[in-house]
Structures are given as C-alpha cells and as structure tokens.
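>>> dropping the sequence and predicted coords here.
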Amino acid sequence: MKWKISIYLLIIILVIGIIYQPFVKKEARESITFFPLDSSFSFSKATTDLSFVKGTPTSYELLWKVNSETSERVYLRQDIAMIFENGKLINKMTEWKTSAKSIDLEKDIKSTDPGLWEAISYHQGEIHLNEEKYRSVQQMSHDFLYTSVIGQSYSGFQTPNNALERRAKNALDEKTNQYLQGTLTQAANYYQIDLNNYNVISLESLTDYNVKSLPGFSQAKSQEIIGKLWEGLYKNYFLGITTKNGQKISPIGSSMPFILISKDKKYLFVLLQTANGENIQLIQYIS
C-alpha cells in the first residue's frame with residue numbers, strides 16, 4: 001500500500017513539474033543579463049530590414065524583418081526589436097530560444113500617415129562555458145524608410161530619386177528632428193540637466209557603435225556600457241515604463257530615448273517622454 005502511495009506521489013510531482021516548467025522559463029526571460037564578451041563567438045548574421053510592400057492613395061503596408069545567427073549554438077539567444085515612426089515607438093518584437101543559433105522575426109506594419117520609419121534591433125547570446133563562467137555575444141542593427149504620397153499613392157524609399165521625394169524626405173526629417181529635440185530639451189530642463197556636460201546619442205545613432213568606441217572610452221569598455229545599457233532598456237523601457245506614481249505603462253507611443261553619457265565618464269542618463277508627455281529619466285553608473 002505504501003509502495004502504491006509513493007508511485008502516486010511521484011506521478012503527481014512529475015505532472016506538476018511538467019506543467020510548471022514553461023512558467024519558470026517565461027519568468028527567467030523577463031530580463032537580459034550582460035556578461036563579459038567572448039571574442040571567440042560572433043554573429044555571422046545580424047540584420048534589420050524594412051521594405052515597402054504596397055500603397056494606396058490613403059494607406060500603405062511595410063514588412064519589418066529581423067534576422068540573426070551566431071557563429072555557434074549558445075545557451076540562450078534573444079533578439080529585441082523596436083520600430084519608430086517620426087520619433088515615436090509604434091511596435092516591438094522579441095523572441096528567445098535556448099540552445100540555439102538563429103532567430104527570425106517579422107511583422108506587417110500598416111499606416112495611413114507619411115513617416116520616417118526607423119527600426120532598431122539588439123541581438124544577444126548568453127554563453128555558458130561552465131556552471132560558473134558565463135559570457136555574452138552581442139550586436140546591433142537598424143534600418144530606415146521614408147513613406148509619403150508621391151503622385152497618386154503612397155510609396156517608400158531610402159534615398160530620394162526626384163524632387164518630390166527630396167521634398168518629402170526633408171519634411172519628414174524636419175518633423176522628426178523637431179519632435180525629438182523638443183522631448184530632449186523638455187526632459188533635460190525638467191531634470192535640470194546641462195546638456196553641455198554630456199555626449200548625447202539617440203537610440204538610433206547608438207547602432208553606429210558596433211565597432212567604433214563611445215566618446216572617451218575604449219572599444220572594450222564601450223561594448224560593456226552598451227550591453228549593460230540594453231539590459232536596462234529592456235527591463236525599464238521595452239517591457240514597460242514605470243511612471244513617477246509607480247504605474248507600469250506600455251512604451252508604445254513614447255519618444256525614442258536619448259542616451260546622455262557624462263563627460264566625466266562616471267554615469268549615463270536615458271531621457272524620454274511617455275505617450276502622454278511625462279518626462280522619464282533612467283540612470284546607469286559606469287564603473
């Protein structure tokens with residue numbers, strides 16, 4: 001009788017373990033953790049692509065794709081991707097896999113307004129060399145596209161080919177820059193930050209630092225700062241923004257963040273505005 005009871009208990013424990021396991025995995029992926037980079041690992045592919053699918057006189061559709069692959073299979077692969085229209089976050093994608101090399105993401109984007117579309121991705125791999133030694137591999141990618149009514153219907157382009165496209169590009173650049181510079185100025189004034197004491201980099205421009213160094217830092221230190229920055233952005237921006245009253249809100253509709261690196265190289269700020277215009281400040285210390 002005792003033997004039968006033990007068997008039943010074992011079955012129950014196994015069933016509970018099977019049911020509970022996916023929830024453990026999901027909880028474990030609520031964060032990205034940066035570890036020192038391992039130069040023996042790299043990305044053989046890391047791309048973000050925006051393509052114009054079709055347009056009518058009043059609307060259009062884009063295809064947004066993110067693809068990445070590491071040189072070797074790693075313990076954990078994760079990509080996070082965001083797309084901004086005229087400086088505001090419109091949509092996002094993420095996926096994680098265990099014991100994997102590649103991740104492929106795609107999403108259809110529909111709109112009825114002219115836009116400067118900027119898509120930004122962070123590709124990361126977590127490497128477990130042994131039970132106590134963890135390492136990382138990372139890379140960023142981005143793409144952009146202008147959309148406007150040219151002639152009878154919407155079309156998309158990166159480089160203007162005629163006067164109408166040049167006029168549309170200039171108008172979208174001016175609109176986006178005016179909005180983003182406004183959010184930066186308002187947030188800096190709100191937090192009494194003197195921008196002259198910082199090197200200011202937009203999130204889109206951060207993707208230029210895959211290979212070049214951040215101002216005042218070595219390449220190795222730059223990659224560490226960038227990795228820890230994305231760790232914080234994922235937790236405090238991508239997954240949700242915590243407002244001053246402690247409420248967690250969606251980042252959709254918020255402004256593209258600016259990164260302010262102090263010229264004394266001790267810390268950095270991330271400044272942005274929520275969809276309803278609330279100023280947000282994040283801080284990361286540089287050790």
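Happy to help now that I have it.

>>> residue 267 reaches residue 287, doesn't it?
No: Residue 267 sits out of contact with residue 287 when judged by C-beta atoms under 8 Å, with a separation of 9.6 Å. From N, CA and C alone the C-beta is placed, and that goes for glycine too.

>>> tell me which of the two has more neighbours.
Using other C-beta atoms under 10 Å as the criterion, residue 267 and residue 287 rank with residue 267 on top: 14 against 6.

>>> hey, where'd the helices end up in the stretch 101-250 of the chain?
Along the stretch 101-250 of the chain, the stretches classed as helices by DSSP state H, counting those that start in this stretch are 163-190, 203-206, 219-233.

>>> turn those into a markdown table, columns for mean pLDDT, mean neighbour count and distance to residue 275.
As requested, the helices of the stretch 101-250 of the chain are exported to a markdown table (pLDDT from 0 to 100; neighbours: other C-beta atoms under 10 Å; distance: least, C-beta to C-beta, whole Å):
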| stretch | mean pLDDT | mean neighbour count | distance to residue 275 |
| --- | --- | --- | --- |
| helix 163-190 | 98 | 16 | 12 |
| helix 203-206 | 97 | 20 | 16 |
| helix 219-233 | 96 | 19 | 17 |
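
>>> can I get these in CSV with distance to residue 86?
Shown next, in CSV, are the helices of the stretch 101-250 of the chain (distance: least, C-beta to C-beta, whole Å):
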stretch, distance to residue 86
helix 163-190, 5
helix 203-206, 12
helix 219-233, 20
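
>>> among those, which is nearest residue 127?
If you check each of the helices of the stretch 101-250 of the chain against residue 127 by C-beta to C-beta, helix 219-233 wins as the nearest, at 12.8 Å.

>>> check the offset of the closest one from the chain's centre.
Distance of helix 219-233 from the chain centroid (C-alpha atoms, centre = their mean, to the nearest Å) equals 13 Å.

>>> swap in stretch 129-138?
The answer for stretch 129-138 is 22 Å, by C-alpha atoms, centre = their mean.

>>> cool, stretch 190-199 as well?
The chain centroid and the centroid of stretch 190-199 are separated by 24 Å under C-alpha atoms, centre = their mean.

>>> what's in contact with that stretch?
184, 187-188, 214-216, 260-264, 269, 271, 279, 281 (C-beta atoms under 8 Å, 6 or more residues apart in numbering).

>>> okay, how far is it across that stretch, tip to tip?
Length of stretch 190-199, first residue to last, C-alpha to C-alpha, to the nearest Å: 18 Å.

>>> for this protein, which segments count as strands?
Assigned by DSSP state E, the strands in the chain fall at 43-55, 60-85, 88-111, 115-128, 134-150, 153-157, 198-202, 241-242, 248-249, 258-262, 267-273, 279-285.

>>> mind checking which of those strands is nearest residue 221?
Of all those, it is strand 258-262 that lies closest to residue 221, at 11.4 Å by C-beta to C-beta.

>>> mind giving me the packing neighbours of that closest one?
Strand 258-262 sits against helix 163-190, strand 198-202, helix 203-206, strand 267-273, with contacts defined as 3 or more C-beta pairs under 8 Å, 6 or more residues apart in numbering; DSSP states H and E.

>>> the closest residue to residue 232 other than its chain neighbours pairs with what?
Take residue 232 and drop its neighbours on the chain: the residue closest to it by C-beta to C-beta, 6 or more residues apart in numbering is residue 284, 5.6 Å away. In this entry, residue 284 is beta-bridged to residue 268, by DSSP bridges.

>>> ok now do residue 284, which residues does it touch?
Residues in contact with residue 284 (C-beta under 8 Å, 6+ apart) are 225, 228, 229, 232, 267, 268, 270.

>>> how much space separates the first one from residue 64?
Taking C-beta to C-beta, to the nearest Å as the measure, residue 225 and residue 64 are separated by 27 Å.

>>> with residue 125 instead?
Distance of residue 125 to residue 64, computed by C-beta to C-beta: 22 Å.

>>> equivalent analysis for residue 260, please.
Distance, residue 260 to residue 64, using C-beta to C-beta: 28 Å.

>>> equivalent analysis for residue 237, please.
For residue 237 relative to residue 64 (C-beta to C-beta), the value is 19 Å.

>>> isn't residue 52 right up against residue 156?
Yes: contact status for residue 52 versus residue 156: in contact at 2.9 Å, counting by C-beta under 8 Å.

>>> who does residue 54 bridge with?
Beta-bridge partners for residue 54, by DSSP bridges, are residue 61.

>>> number of residues surrounding it?
That count, for residue 54 with other C-beta under 10 Å as the rule, works out to 13.
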